[in-house]
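K.L.:
what's the 3D shape of this:
(one chain, ligands or ions: 2)
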Amino acid sequence: MLQQILRGPSGLGTAGLYLPLLQAPTGPSDPSASAEPAEQAAGRPVPGLYHHPIPEPDAHRVEEVSRRIKAWAVEEVELFPPDWEDQFDGFSLGRYMVACHPDAPTVEHLMIATRLMAAENALDDCYCEDHGGSPVGLGGRLLLAHTALDPLHTTAEYQPDWAESLHADAPRRAYRSAMQYFVQQAGHSQADRYRHDMARLHLGYLAEAAWAETDYVPEVWEYLAMRQFNNFRPCPTITDTVGGYELPADLHALPAMQRVIALAGNATTIVNDLYSYTKELASPGRHLNLPVVIAEREDCSVRDAYLKAVEVHNDLMHAFEAAAADLAAEVPHPVVLRFLRGVAAWVDGNHYWHQTNTYRYSLPDFW
Ligand SMILES: CC(C)=CCC/C(C)=C(\C)COP(=O)(O)OP(=O)(O)O
Ligand SMILES: [Mg+2]
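P.N.:
Residues are numbered from 1 along each chain as shown. Ligands and ions are numbered 1, 2, ... in the order given. Reported below is the predicted structural model:
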């Protein structure tokens with residue numbers, strides 16, 4: 001029943017909602033996974049991690065999205081200097097977004113998600129992390145960048161200075177442009193949902209930065225609270241816009257839907273903590289992630305902490321799936337079911353991307 005809800009319905013009236021790519025979880029090495037199989041998936045899953053393998057994303061879509069996102073990054077927003085090109089390519093944005101949005105009707109719909117993903121990562125790298133980022137002064141930078149998503153309404157005297165500021169650095173150019181494309185496709189409540197989710201994200205960045213400034217290692221539950229905000233949430237919650245339909249605001253606002261979304265976002269984000277663990281250990285200073293916080297706060301070896309973090313992830317995934325199944329049973333509205341499947345697809349695609357992105361991530365030697 002749960003698999004049916006999250007990965008494809010059956011029965012009268014549901015044929016239009018059927019998502020063939022999600023119906024049968026397939027190992028990456030299954031040659032029947034796609035009509036024209038892409039290169040065999042690289043990387044291996046974290047041992048013991050509860051996840052759903054997906055078929056290889058459509059190679060033609062990946063190629064086209066990759067081509068268009070590079071053109072946008074270079075020609076429209078000057079996203080990165082030439083010496084960051086390898087890192088941009090290695091991020092594999094096209095593969096990521098095609099994997100996460102199997103029900104996108106067109107490549108242009110996929111581009112909506114891909115531009116936003118590029119912009120979100122540019123801001124994280126340039127403002128918060130190792131491409132010139134710093135916790136010092138982050139709040140001011142974040143707030144000004146947020147106005148590229150949620151515009152300033154001010155007097156004629158001050159408006160031009162603000163408008164000019166949106167071209168001042170790569171994160172603001174990217175936010176502004178990606179948002180312009182997004183609002184062309186999204187309804188007003190979908191755009192407002194996205195702004196709210198981005199405000200949540202920026203709040204999470206600020207808590208992480210405040211703790212870094214005072215060298216505070218949070219309790220595990222405090223870390224999980226911060227990571228619920230510094231979180232992939234803005235990505236799965238646009239699944240309806242990228243799918244070319246709209247989950248109405250009142251259904252999105254249901255407490256049960258909010259719980260499903262939060263649990264999905266949390267599971268996807270702890271996946272990042274697990275796959276990026278060795279990358280973050282190698283970066284300067286102490287980079288908080290769930291295994292690091294568990295080791296410090298629960299006084300255990302890094303291996304035991306990592307394995308406990310896997311269990312935390314698995315519990316979040318099970319809670320997400322149970323909450324989604326309950327909601328689908330309580331509110332069997334076709335758009336709710338489609339949205340829940342879209343979120344589940346994003347969860348699975350996100351895992352696939354982390355597992356296979358061996359340019360960026362490698363597993364620790366704990367097994
Ligand atoms: C795409 C998006 C909304 C990202 C926001 C937050 C974010 C960058 C992550 C959840 C990824 O975590 P992290 O900053 O640890 O990324 P890497 O481990 O450096 O890939
Ligand atoms: Mg990480």
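
K.L.:
Can you name the helix or strand that R68 falls in?
P.N.:
Per DSSP states H and E, R68 falls inside helix 59-71.

K.L.:
Just the residues contacting the helix or strand that comes right after that helix, thanks.
P.N.:
Counting by DSSP H and E, the element after helix 59-71 in chain order, helix or strand, is helix 85-91. Helix 85-91 is contacted from outside by 70, 73, 79-80, 121, 357, 359-360, using Cβ atoms under 8 Å, 6 or more residues apart in numbering. The way it works is simple: take the backbone N, C-alpha and C, and place the C-beta from them, glycine included.

K.L.:
Among those residues, find me the one that's closest to A262.
P.N.:
Set against A262, the nearest of those by Cβ to Cβ is N121 (21.5 Å).

K.L.:
ok, that closest one to F229 distance?
P.N.:
Using Cβ to Cβ, to the nearest Å, one obtains 17 Å as the distance from N121 to F229.

K.L.:
do the same with L251
P.N.:
Counting by Cβ to Cβ - L251 and F229 are separated by 23 Å.

K.L.:
Between the two, which is the more surrounded one?
P.N.:
F229 (20 against 16; other Cβ atoms under 10 Å).

K.L.:
Name the residue closest to the centre of the chain, please.
P.N.:
Computing the C-alpha centroid of the chain and ranking residues by Cα atoms, centre = their mean puts F232 first, at 3.5 Å.

K.L.:
host element of that one?
P.N.:
Here F232 is assigned to no helix or strand, by DSSP H and E.

K.L.:
OK, contacts around it?
P.N.:
Contacts of F232 (Cβ under 8 Å, 6+ apart): 265, 268-269, 272, 350.

K.L.:
Can you tell me which of these has the most neighbours?
P.N.:
G265 (29 neighbours).

K.L.:
give me every residue that touches that one.
P.N.:
By Cβ under 8 Å, 6+ apart, the contact list for G265 reads 228, 231-233, 236.

K.L.:
Ligand 1 next: which of those are close?
P.N.:
Under the cut-off given by Cβ under 6 Å from any ligand atom, ligand 1 has 231-232 from the contacts of G265 close to it.

K.L.:
Pick out whichever of the contacts of G265 sits closest to ligand 1.
P.N.:
F232 (4.8 Å; Cβ to the nearest ligand atom).

K.L.:
gap between the closest one and P364?
P.N.:
Distance, F232 to P364, using Cβ to Cβ: 22 Å.

K.L.:
what's the nearest residue to the residue nearest to the centre of the chain if we skip its chain neighbours?
P.N.:
T268 (4.6 Å; Cβ to Cβ, 6 or more residues apart in numbering).

K.L.:
quick one: the one you found and P236 touch, right?
P.N.:
Yes. At 7.2 Å, T268 and P236 qualify as touching, with contact defined as Cβ atoms under 8 Å.
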